[in-house]
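A.B. asks: my questions are about this predicted structure, shown below with the sequence.
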Amino acid sequence: MTGDMLTPSAHEAGQVKSGRRVGDYVESLALVMAWVVVIVIFSILAPDTFPTLRNFQTMLGTQTTLVILAMAVLIPLTAGDYDISLAGTMTFAGMAVAVLNVHGGMPIGLAILVALTCGLLIGLINGFFSVYIGIDAFIVTLGTATILLGLTLWMSASQTISGVSQWLSDWIVVYRLGGISLEFYYGVVLCAVLWYIFDFTAIGRRILFVGRGANVARLSGIRVGRVRWGCFAAAGIIAAAAGVLYTGTAGASDPTSGQTFLLPAFAAAFLGSTAVTPGRFNPWGTLIAVYFLVTGITGLAIMGVQTWVQNVFYGVALVAALTASQIVKKRRERSDRL
Amino acid sequence: MDQSLVVRNMSMTFGGQRALDEVSMSIRRGEVHGLIGQNGCGKSTLIKILAGYHHPDPGGEVEIDGQPVKLPVPAATAAKLGMSFVHQDLGLLPTLTVLENFRAGAFSTESIWFINWKKERRRASDVFGRFEMSLNPRAKVVDLPALQRAQLAIVRALDNLAEYQAATGGHGGLLVLDEPTVFLPRANRERFFEVVHKSVTLGASVMFVSHDLDEALAVTDRITVLRDGRVVGTVVSGETSKEKLVEMIIGRRLESYQAARHEHSANDGQASVADLTGGSVEDVSFNVYQGEVLGLTGLEGSGFEEIPYLLFGSPPGKQGRLTVAGREYDLASMCPPTAIKAGMALVPADRQGSAGVGSLLVRDNVMLQVIGKYRPYRLDRRRYLRDSHTALNEYDVRPPQPMMDFQALSGGNQQKVVLAKWLLGTPKLLLVHEPTQGVDVGARAQLFDIITRAAEGGMSVVCATSDYEQLAGICSRVLVFRNGEIACQLLGEQITKDRVMEACYLGDAQPCPEGEG
């Protein structure tokens, strides 16, 4: 699926390929297999309601906000930085669209542009304090997240703002392709774009080196600060896009519920790092992780399980997947040493 | 009972190799006793046995203040037995306060439910006062100048002996100083030695390990020299000389140098460094000629090991100019991207931390410098993988496997990958620091070959290393550093392991061939 699995030209394929073992392929597909197992289990338990086209269309068409936010999280994470302000950026941008469109009477297209610009600015500010002032990104973004929450409450007077242009909702949830809301395809396209950048471009390689070995990157002539700053900025824009999408999905924006996306987004990024290219944050793995989680939660909901179980499911899935991949890694290191 | 420490017939075998061979020595009560010898002579091994890190071969004996010590020394009991250590890194936690560091040992061993900070502070101030140190117990260690840090480490070690002294009724104990002055500015060393002498007046004895012969002669009463795991002899510091000590260290008589002229003329200079100052390097100038492997060496802390990094702008120096291929650069504003554009390449000593990323693929590590040349689409990506494979084969990386993690390679093969990475970009000036550290013999020869071939291809190579054999093997010219300056230059025939070593220890004391700059 990723470039790392590309095989070279035929005559040296045998030699080069042996660097990856069968176990690696199994490991990279483990999450997909777990996903299939979950689908099979719920299909058996709830044969009338779970394995229906309608249900799958719903599951795929309702998680794009989380997918896009998780993609945003992925970028600074690959460069070695935790940006925990991204859910705040998302909520802020979503609210900005609503306020500008509904209260300010701004055309929706322009409002979206302003919201994305806000996302860019927030990313640049995060980057400035993390990279040039040198404060730990976790702390900087903790601060900006809190500021953004405050500003969002101020902007909305702590009210849900509804009545956002129908045009936005049409292009996000109302129009469908193959029975699935358009937003699903936005998430997949973004995922593909990030995959291309991470795996097929020089800048993707540089981000990876910055995240894994900043000192090596620096001594190799990579401008580490600039790369990290760029990652914050890109993540800000994408998080703002998630916010636009979130507002469009509901046709309204409320000032607080976006915050609940923060932990699931990180969970999806980490869970995704156990799949596809194990041990590395990657977009396809993250996408699969989101849909794996939503499948489990939808199944539990159909079974009539209370909502608190969903949180437990999220947490258990994350810890279990990372435990499994850690055990595999240690076992491999041991066998490498022998 | 006037012997503080007695070691008898101490041997230590590592995998069939004798690191210590029947070593016997003694330190008198109230004496500062030097322990010197080149790297690998066994001084560290001896200290580690005393500290309880190593289990010596049976048959050896250790006595402290006349009391036999059970061997191996049980871990973490050295202080109770009357030994306290100050290692090169001083073992201080920089973000904690002076007082917290001073009492670190006590906090961890005594069962304290309540710390009376006021009392602790007063006690610390008393101790510091006795040594005439102006240490503020509330200051953070990170804010202290190097001298005060070193003083704090010694006072703490002495304080750790206090318990032992209380138990034995008064005096005694041994303070082991393991190259404590390496990171200390030269101007501060006198003050530091005062503390050492002061500790002797409190009844302790001092074992002083050092590379620096001037220093050892200045501060010690007697000196024991180790060579190849054996005691060569013990001399009275006041009755010996630096030359005599060097003879004992390297095991043969000194010969006087023959000044030689280098055959290079000024206009085939590929690179020249002028007035470089930064770190512990002061006002250094030299040329590197095209096709030459220039060695830089010296004792630890002499500054030679900082040169490659200063030239590469990591970190940049305080001042200096560098000319590469006719273009001049200001070394105070140098940074790695500029250095790379200027045609430089740096192979750092820290292979896993600075040269390559262990958790990433060999392919990506080796191709990092040239990745910009590959356009991002599928076909080019195949070429990218194929080219990385070709590079691994060319530099004989084993296995030549682009899709494995960098960290899975052996040290020697990692180094080949790092060299390949830089040589793919065909630099004009290759800077290497300790290129064969932790590398097996076979790979070592191959690495030498890669470096030599690069030079023959017209590259200029600067190799900073304390491996004298390596210098003899690959360098056409060696600059020996001392106190941050170039002390002398060795050429061609002069570059033998022994001569380089002599020059490192004696440096300016011997007539040297013409220097540079």
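C.D. replies: Received the coordinates, thanks.

A.B. asks: roughly how far does whatever residue of the stretch 51-200 of chain A ends up closest to chain B sit from A:Leu66?
C.D. replies: Nearest residue of the stretch 51-200 of chain A to chain B: A:Phe200, at 4.3 Å (C-beta to the nearest C-beta). The way it works is simple: take the backbone N, C-alpha and C, and place the C-beta from them, glycine included. Relative to A:Leu66, A:Phe200 is positioned 25 Å away (C-beta to C-beta, to the nearest Å).

A.B. asks: name the SS class of the residue nearest to the residue of the stretch 51-200 of chain A closest to chain B when sequence neighbours are not counted, please.
C.D. replies: By the measure of C-beta to C-beta, 6 or more residues apart in numbering or on different chains, the closest residue to A:Phe200 outside its immediate chain neighbours is B:Pro376, 4.3 Å from it. Applying DSSP: H, G, I helix; E, B strand; the rest coil to B:Pro376 yields a three-state assignment of coil.

A.B. asks: what sits against B:Pro376?
C.D. replies: Residues in contact with B:Pro376 (C-beta atoms under 8 Å, 6 or more residues apart in numbering or on different chains) are A:196, A:200-202.

A.B. asks: after the helix or strand bottoming out on mean pLDDT in chain A comes which helix or strand?
C.D. replies: Lowest on mean pLDDT, DSSP states H and E among the helices and strands of chain A sits helix A:10-17, with a mean of 38. Sequence-wise, the next helix or strand beyond helix A:10-17 is helix A:22-45, with elements assigned using DSSP states H and E.

A.B. asks: tell me the angle the helix or strand that that next one is followed by makes with helix A:22-45.
C.D. replies: Heading C-terminal from helix A:22-45, the first helix or strand you meet, by DSSP H and E, is helix A:53-61. On the basis of axes from the mean of the first three to the mean of the last three C-alpha atoms, to 10 degrees, helix A:53-61 is oriented at 130 degrees to helix A:22-45.

A.B. asks: average pLDDT for helix A:53-61, rounded please.
C.D. replies: What helix A:53-61 shows for mean pLDDT is 89.

A.B. asks: was I right about A:Ala145 contacting A:Thr91?
C.D. replies: No: using C-beta atoms under 8 Å as the test, A:Ala145 is too far from A:Thr91 to be in contact (9.6 Å).

A.B. asks: who's more crowded, these two?
C.D. replies: The residue with the greater number of neighbours, taking A:Ala145 and A:Thr91 and applying other C-beta atoms under 10 Å in any protein chain shown, is A:Thr91; the counts read 32 against 23.

A.B. asks: my read: that one touches A:Gln259, true?
C.D. replies: Yes: taking C-beta under 8 Å as the definition, A:Thr91 is a contact partner of A:Gln259 at 6.4 Å.

A.B. asks: anything in contact with each of these two?
C.D. replies: Between them, A:Thr91 and A:Gln259 share the neighbouring residues A:Leu149, with contact defined by C-beta under 8 Å, 6+ apart.

A.B. asks: picking that back up, just give me the neighbour total for the residue of the stretch 51-200 of chain A closest to chain B.
C.D. replies: Using other C-beta under 10 Å, A:Phe200 is surrounded by 20 other residues.

A.B. asks: same question for B:Ser210.
C.D. replies: Residues within reach of B:Ser210, counting by other C-beta under 10 Å, total 23.

A.B. asks: swap in A:Thr260?
C.D. replies: Residues contacting A:Thr260 under the criterion other C-beta under 10 Å number 10.

A.B. asks: what of the one 10 residues further on?
C.D. replies: A total of 21 residues lie near A:Phe270 under the criterion other C-beta under 10 Å.

A.B. asks: need the three-state assignment for it.
C.D. replies: A:Phe270, by the three-state scheme (three-state DSSP), is helix.

A.B. asks: mind checking how far it is from A:Pro264?
C.D. replies: 11 Å.

A.B. asks: shared neighbours of the two, anything?
C.D. replies: Both A:Phe270 and A:Pro264 lack any common contact, where contact means C-beta under 8 Å, 6+ apart.

A.B. asks: and stretch B:463-472, average pLDDT?
C.D. replies: Averaging pLDDT along stretch B:463-472 gives 86.

A.B. asks: B:Cys488 touches B:Gln494, doesn't it?
C.D. replies: No: counting by C-beta under 8 Å, B:Cys488 does not reach B:Gln494; the two are 9.7 Å apart.

A.B. asks: between the two, which one's more packed in?
C.D. replies: Of the pair B:Cys488 and B:Gln494, B:Cys488 is the one with more neighbours under other C-beta under 10 Å, namely 24 against 19.

A.B. asks: ranges for the strands of the stretch 301-450 of chain B?
C.D. replies: For the stretch 301-450 of chain B, the strands defined by DSSP state E, counting those that start in this stretch cover B:319-324, B:327-330, B:344-347, B:429-433.

A.B. asks: before we move on, what's the pLDDT of B:Asn267?
C.D. replies: Confidence per residue is given as pLDDT, and for B:Asn267 that number is 49.

A.B. asks: mind listing what's buried in stretch B:34-43?
C.D. replies: Applying a neighbour-count criterion of 16 or more other C-beta atoms under 10 Å in any protein chain shown, one finds B:34-38, B:41-43 buried in stretch B:34-43.

A.B. asks: distance of the spatially most central residue of chain A from A:Ala87?
C.D. replies: A centroid search over chain A (C-alpha atoms, centre = their mean) returns A:Ala70, at 1.3 Å, as the residue closest to the centre. When C-beta to C-beta is applied, the distance between A:Ala70 and A:Ala87 equals 11 Å.

A.B. asks: for the residue nearest to B:Arg383 when sequence neighbours are not counted, what are its contacts?
C.D. replies: Once flanking residues are discounted, B:Arg383 sits nearest to B:Tyr374: 6.8 Å by C-beta to C-beta, 6+ apart. Contacts for B:Tyr374 (C-beta under 8 Å, 6+ apart) come out as A:202, B:367, B:380-381, B:383-384.

A.B. asks: can you check B:Ser210 too?
C.D. replies: B:Ser210 sits in contact with B:34, B:36, B:179, B:181, B:216, where contact means C-beta under 8 Å, 6+ apart.

A.B. asks: which residues of the stretch 1-150 of chain A score low on pLDDT?
C.D. replies: For the stretch 1-150 of chain A, the stretches with pLDDT under 70 are A:1-23.

A.B. asks: okay, now whichever residue of the stretch 301-450 of chain B sits closest to chain A: neighbour count?
C.D. replies: Proximity of the stretch 301-450 of chain B to chain A (C-beta to the nearest C-beta) peaks at B:Met403, 3.3 Å away. B:Met403 sits with 21 neighbouring residues when counted by other C-beta under 10 Å.

A.B. asks: per-residue pLDDT of it, please?
C.D. replies: Listed pLDDT for B:Met403 reads 88.

A.B. asks: then A:Leu263?
C.D. replies: At A:Leu263, the model reports a pLDDT of 88.

A.B. asks: what does the helix or strand hosting it contact?
C.D. replies: A:Leu263 is located in helix A:262-272, with elements delineated by DSSP H and E. By C-beta under 8 Å, 6+ apart, the residues outside helix A:262-272 that reach it are A:31, A:66-67, A:69-70, A:72-74, A:77, A:84, A:86-87, A:281-290, A:292-293, A:314-315, A:317-318, A:321-322.

A.B. asks: ok, now stretch B:146-159?
C.D. replies: By C-beta under 8 Å, 6+ apart, stretch B:146-159 touches B:84-86, B:90-92, B:98, B:101-102, B:104-105, B:127-128, B:131, B:133, B:135, B:141, B:144, B:175, B:177, B:180-181, B:183-185, B:188, B:191-192, B:195-196, B:199, B:202, B:204.
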